[in-house]
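S.K.: coords below, sequence missing:
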DNA sequence: GGATTTTCTTTGACACGTCAAAGAGCGTAG
DNA sequence: CTACGCTCTTTGACGTGTCAAAGAAAATCC
């Protein structure tokens, strides 16, 4: 064991607060989104797909872009396909590959859910921060997230 | 639909960064903890239990304290009991109730994992923030988490 | 060109969380 | 004291994520 330094009182209090943030924000956004008929994961898949000009994506790159494991994406895509939100076709240029694309229905559902989700992000997060705070938060977030894995 | 305001460029960039923080930090801490043989949930249960002087807690209050659903805690406790980390007994004062307490093994395992987890929190988060930043972050986190559900 | 290794997606088994329902005891109103 | 409603914990079904292994096609090496 390395020489462990315990947390100071300030650090401890701050860490407890941050831990709460880390649970509470995602769970509230998820709840709001559920009322629109989508899980957070669904929403991410749909919006990531829709950001690509042609709205199609091979699993490998798609998973990488989303920072998901391929297995996770494959599982989730299977479920979304069953619901008619996306479709898979074999990749003509590589017979091992699968290509995912949005169905019209998937696109519509995303379009319906997006404004509500945006309100949710505002109402549960962004609108409660000053521009300065948001800037600090972005710097911190980027720095931490960019640490080596 | 309410008059939806889209995100400004700054807000959008900041929100993307924060979203990344929200996924990446918990997942790294979870990974570190897994290597010590515990899930994040396990660790929370053990440490919450151990913080109580007598190390015993009835499910209802325990769940409330942890902000977990009773069902979730009951399920998770069943799994942890099977692993010998905690035990349940009937509540003598209310025959519907269940009382949870740490086993010696559970306490030992927590004691072994705690320093490593602490290093992890430092190395993946706290040590990369100045005292000022940590203070801002605590204020923000508290404010956001305390919003009405 | 044929064998071997690598890459890619899917599948299966399992741990986890949620929601709804079941099962049992408590509390109270009459 | 009995019947009703309320509260408590557990259970079951299901959607989800992870990890390991299977199955198939490419790429590489001789």
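M.R.: Great, that's in hand. As the structure is a computational prediction, the values presented were derived from the model and not from experiment. Numbering: from 1, shown residues only, chains lettered A, B, ... in the order given.
S.K.: so what does the lengthiest helix in chain A touch, helix or strand wise?
M.R.: Longest helix in chain A, counting residues (DSSP state H): helix A:9-35. In terms of contacts (3 or more C-beta pairs under 8 Å, 6 or more residues apart in numbering or on different chains; DSSP states H and E), helix A:9-35 is packed against helix A:40-51, helix A:104-124, helix B:9-35, helix B:131-145. All C-beta atoms are positioned from the backbone trio N, CA, C, and that covers glycine.
S.K.: Select, out of these, the one closest to DNA strand D.
M.R.: helix A:40-51 (4.1 Å; C-beta to the nearest atom of the strand).
S.K.: any idea how far the residue nearest the centre of chain A is from residue B:12?
M.R.: Among the residues of chain A, the one closest to the centroid is residue A:44, at 4.7 Å (C-alpha atoms, centre = their mean). Computed with C-beta to C-beta, to the nearest Å, the distance linking residue A:44 and residue B:12 is 15 Å.
S.K.: now residue A:43
M.R.: Taken as C-beta to C-beta, the span from residue A:43 to residue B:12 is 16 Å.
S.K.: Likewise for residue A:142?
M.R.: From residue A:142 to residue B:12 the distance is 14 Å (C-beta to C-beta).
S.K.: Excluding chain neighbours, what is closest to residue A:120?
M.R.: residue A:32 (4.0 Å; C-beta to C-beta, 6 or more residues apart in numbering or on different chains).
S.K.: Report the contact partners of the one you found.
M.R.: A:116, A:117, A:120, A:124 (C-beta atoms under 8 Å, 6 or more residues apart in numbering or on different chains).
S.K.: What parts of chain A come near DNA strand C?
M.R.: By C-beta under 7 Å from any atom of the strand, the part of chain A that sits against DNA strand C consists of A:27, A:31, A:34, A:58-60, A:63, A:70-71, A:74-75, A:77-78, A:88, A:94, A:96-98.
S.K.: quick one: low-confidence parts of chain A?
M.R.: For chain A, the stretches with pLDDT under 70 are A:1-4.
S.K.: ok, back up a step: output the helices and strands packed on helix A:9-35 in JSON lines; the columns should cover distance to residue A:130.
M.R.: Shown next, in JSON lines, are the helices and strands packed on helix A:9-35 (distance: least, C-beta to C-beta, whole Å):
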{"stretch": "helix A:40-51", "distance to residue A:130": "27"}
{"stretch": "helix A:104-124", "distance to residue A:130": "14"}
{"stretch": "helix B:9-35", "distance to residue A:130": "12"}
{"stretch": "helix B:131-145", "distance to residue A:130": "10"}
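S.K.: Now tabulate the ones you listed in TSV and tack on distance to DNA strand D.
M.R.: Output for the helices and strands packed on helix A:9-35, formatted as TSV (distance: least, C-beta to the nearest atom of the strand, whole Å):
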stretch	distance to DNA strand D
helix A:40-51	4
helix A:104-124	14
helix B:9-35	7
helix B:131-145	22
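S.K.: and residue A:134, which of those helices is closest to it?
M.R.: The closest of the helices and strands packed on helix A:9-35 to residue A:134 is helix B:9-35. By C-beta to C-beta, the value is 4.8 Å.
S.K.: That closest one: how far from the chain's middle?
M.R.: Put simply, helix B:9-35 sits 16 Å off its chain's centre (C-alpha atoms, centre = their mean, to the nearest Å).
S.K.: Tell me, how many residues neighbour residue A:71?
M.R.: 9 (other C-beta atoms under 10 Å in any protein chain shown).
S.K.: Likewise for residue A:94?
M.R.: 11.
S.K.: what about it, which SS state?
M.R.: Of the three states, residue A:94 takes coil according to DSSP: H, G, I helix; E, B strand; the rest coil.
S.K.: how close does it get to residue B:26?
M.R.: Taking C-beta to C-beta, one finds residue A:94 at 35 Å from residue B:26.
S.K.: Next: residue A:115.
M.R.: 28 Å.
S.K.: again, but for residue A:131
M.R.: 27 Å.
S.K.: Could you check which of these two has the larger neighbour count?
M.R.: The residue with more neighbours, out of residue A:131 and residue B:26, is residue B:26; 15 against 11, by other C-beta under 10 Å.
S.K.: my guess is the more buried one contacts residue B:39, does it?
M.R.: No - using C-beta atoms under 8 Å as the test, residue B:26 is too far from residue B:39 to be in contact (11.4 Å).
S.K.: between those two, what contacts are shared?
M.R.: Contacts common to residue B:26 and residue B:39, judged by C-beta under 8 Å, 6+ apart, are absent.
S.K.: which non-adjacent residue is nearest residue A:13?
M.R.: Per C-beta to C-beta, 6+ apart, closest to residue A:13 is residue B:138, 6.4 Å.
S.K.: what does stretch A:42-57 contact?
M.R.: With contact meaning C-beta under 8 Å, 6+ apart, stretch A:42-57 is reached by A:33, A:38, A:62, A:65-66, A:73, A:76-77, A:80, A:85-86, A:99-102, A:106-107, A:109-110, A:113-114, A:117.
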